[in-house]
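In: Okay, predicted coordinates and the sequence, questions at the end:
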Amino acid sequence: MDRSRSQQCQTSVERTLLAFGGRGTVGDLIVSTGLPRVDVERSLEELIADDRAHVAVSESGVLVYRLDERRRRAQPMARSPHRVLRGRKPSTTPDVLGRGFDRKTLRLIRARGGVLSMAELIEHTGLPLKKAQDEMERLVELYGGEAHPSWDGHIVYAFPELVVSAHGDFAGREPRPAWVRGEDPMRRRGRGRRRESLARRMLRAIVRTRRSRFRDAETLRRYALGHVFETALKGKGVVSLDGTVKVLQSRAGKWRVSRSAVEKALEQLASEFEAPITELNGDRFFGFRNVKRQFLASQVQRTRLKLERTAGGRTVFDSGDAPLVAAQRELDAFDRALDQDGSLRAG
């Protein structure tokens, strides 16, 4: 990592710790900053080496990083850990390297217990399956994900580190699905760099108009995706071409929606989700039961894995302890171990 980027990451991590009230886990910091796990861990190591931060181990086995008290008092910034955890970007945290959309994805993963299926990622991004698979691979590499086969053959992805917290507030506000946004959410990832030309901004303004949106194949696909998911998650799983055209036409208002374009979008989605297609009385029907099955597969894995962990109990080690305090902690831990051993023998 070059020196400038390293300093940016350290600044982001330190300011986010401050916004958390001076303490947080690696997972807290990753979700808030959107930085890769390796960058967060390296920044924490550098802060500890400079005596700007310390690491403690809770009785529950969770590592909690905290700012040095002198450092924290010297920077009286606004602290609002619940604001950070619930998905509101803290004013003290810079958008390092334009990872705004990554933060939304990480917030979604945390809100869903650290487990995400491919269908849920597609719901969030609006990406076609192949691109969504590439995106999931990127997330797994950057944020410590693991692939898990589900009971019915689907693969879901677990991110254990993202649901380990010093604050225990996992019920964050989920980002809106891709189809309720007027433009491709994935194109927003790099805006933090502010390198877009005036011509591109003007083009986006044109694309945002209702008429242009419903002529764009990718946008039309996202809107069709919304109808498919809403129908599938209600339990029906089957959408018709005629019904989808009506839904999208009601959204488009006076601008005409092309039936052939909607049909093409549904065919693409059917291919991605292995949905059977049938024809009856001049209409076409698409069976998207696999969508709900993937959501159920994630829920089963959340229940089975139970990844959420919070720092609890006594602090058994703190790198910032004075020698006498550290010695007392060791004696207390030894006494507790003796008491526990005696209880077990008596039992």
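Out: Arrived safely.
In: drop to CA atoms for contacts and neighbour counts, all remaining ones
Out: Fine.
In: burial of Asp134, as a residue count?
Out: 12 (other CA atoms under 10 Å).
In: Mind jotting down where the strands sit in the stretch 101-250 of the chain?
Out: 115-117, 146-149, 155-158, 164-165, 238-240 (DSSP state E, counting those that start in this stretch).
In: Could you list every helix and strand that the first one packs against?
Out: Translated: strand 115-117. strand 155-158, helix 289-305 (3 or more CA pairs under 8 Å, 6 or more residues apart in numbering; DSSP states H and E).
In: quick one: it to chain centroid distance?
Out: Relative to its parent chain, strand 115-117 has a centroid offset of 10 Å by CA atoms, centre = their mean, to the nearest Å.
In: Point me to the residue sitting closest to the centre of the chain.
Out: Leu106 (1.7 Å; CA atoms, centre = their mean).
In: how about it, what does it touch?
Out: If you count contacts by CA atoms under 8 Å, 6 or more residues apart in numbering, Leu106 has them with 30-31, 34, 162.
In: for Ala270, same thing?
Out: Here Ala270 is in contact with 276-277, 286-288 (CA under 8 Å, 6+ apart).
In: Wasn't it part of a strand?
Out: No: Ala270 sits outside any strand when classified using DSSP: H, G, I helix; E, B strand; the rest coil, being helix.
In: That one and Thr231: what is the separation?
Out: 14 Å (CA to CA, to the nearest Å).
In: Backbone dihedrals for Val38, please?
Out: Dihedral angles of Val38 (phi, psi; degrees, to the nearest 10) stand at phi -60, psi -40.
In: For it, give me its contacts.
Out: By CA under 8 Å, 6+ apart, the neighbours of Val38 are Leu142.
In: Ok, Gly287 next?
Out: The contact partners of Gly287, by CA under 8 Å, 6+ apart, come to 237-239, 270, 275-277.
In: 6 Å instead?
Out: 237-238, 275-276 (CA atoms under 6 Å, 6 or more residues apart in numbering).
In: Give me the spatial nearest neighbour of it, chain neighbours excluded.
Out: Counting by CA to CA, 6 or more residues apart in numbering, Val238 is the residue found nearest to Gly287 once chain neighbours are left out, at 4.4 Å.
In: Tell me if I'm right that the one you found and Arg284 touch.
Out: No: here Val238 lies out of contact with Arg284, judged by CA atoms under 6 Å, at a distance of 10.2 Å.
In: Where does the prediction get shaky in the stretch 1-150 of the chain?
Out: 1, 74-98 (pLDDT under 70).
In: could you pull out the helices for it?
Out: Ranges of helices in the stretch 1-150 of the chain, per DSSP state H, counting those that start in this stretch, are 3-19, 26-33, 37-49, 69-73, 81-85, 100-111, 118-125, 129-143.
In: Quick one: those as TSV, columns for distance to Arg314 too.
Out: TSV is the format used below for these (distance: least, CA to CA, whole Å):
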stretch	distance to Arg314
helix 3-19	21
helix 26-33	19
helix 37-49	21
helix 69-73	19
helix 81-85	21
helix 100-111	25
helix 118-125	37
helix 129-143	28
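In: Tell me which of the ones you listed sits nearest to Arg215.
Out: With distances scored as CA to CA, the stretch of the helices of the stretch 1-150 of the chain nearest to Arg215 is helix 118-125 (19.7 Å).
In: follow-up on the earlier one: among the contacts of Leu106, who's most crowded?
Out: Highest neighbour count within these, by other CA under 10 Å: Leu162, with 30 neighbours.
In: My guess is it contacts Thr25. True?
Out: No: contact criterion CA under 6 Å: Leu162 and Thr25 do not qualify, at 9.0 Å.
In: Can I get stretch 310-326 in CSV, CA atoms only?
Out: Only the C-alpha atoms of stretch 310-326 are listed here, as CSV (Å, rounded to 0.1, in the frame of the first residue of the first chain):
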residue,chain,number,x,y,z
THR,A,310,-20.9,-9.1,20.8
ALA,A,311,-18.1,-8.2,23.2
GLY,A,312,-19.4,-9.2,26.6
GLY,A,313,-18.2,-10.0,30.1
ARG,A,314,-15.0,-8.9,31.7
THR,A,315,-11.9,-7.7,29.8
VAL,A,316,-9.3,-10.4,30.2
PHE,A,317,-6.5,-8.6,28.4
ASP,A,318,-5.8,-5.0,27.3
SER,A,319,-2.6,-3.9,25.6
GLY,A,320,-2.9,-0.5,27.1
ASP,A,321,-2.8,-1.7,30.7
ALA,A,322,-0.1,-0.5,33.0
PRO,A,323,2.1,-3.3,34.4
LEU,A,324,0.3,-3.4,37.8
VAL,A,325,-3.2,-3.5,36.2
ALA,A,326,-2.1,-6.2,33.8
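In: buried residues in that stretch?
Out: In terms of neighbour count (16 or more other CA atoms under 10 Å), stretch 310-326 has its buried residues at 310-312, 315-318, 320, 326.
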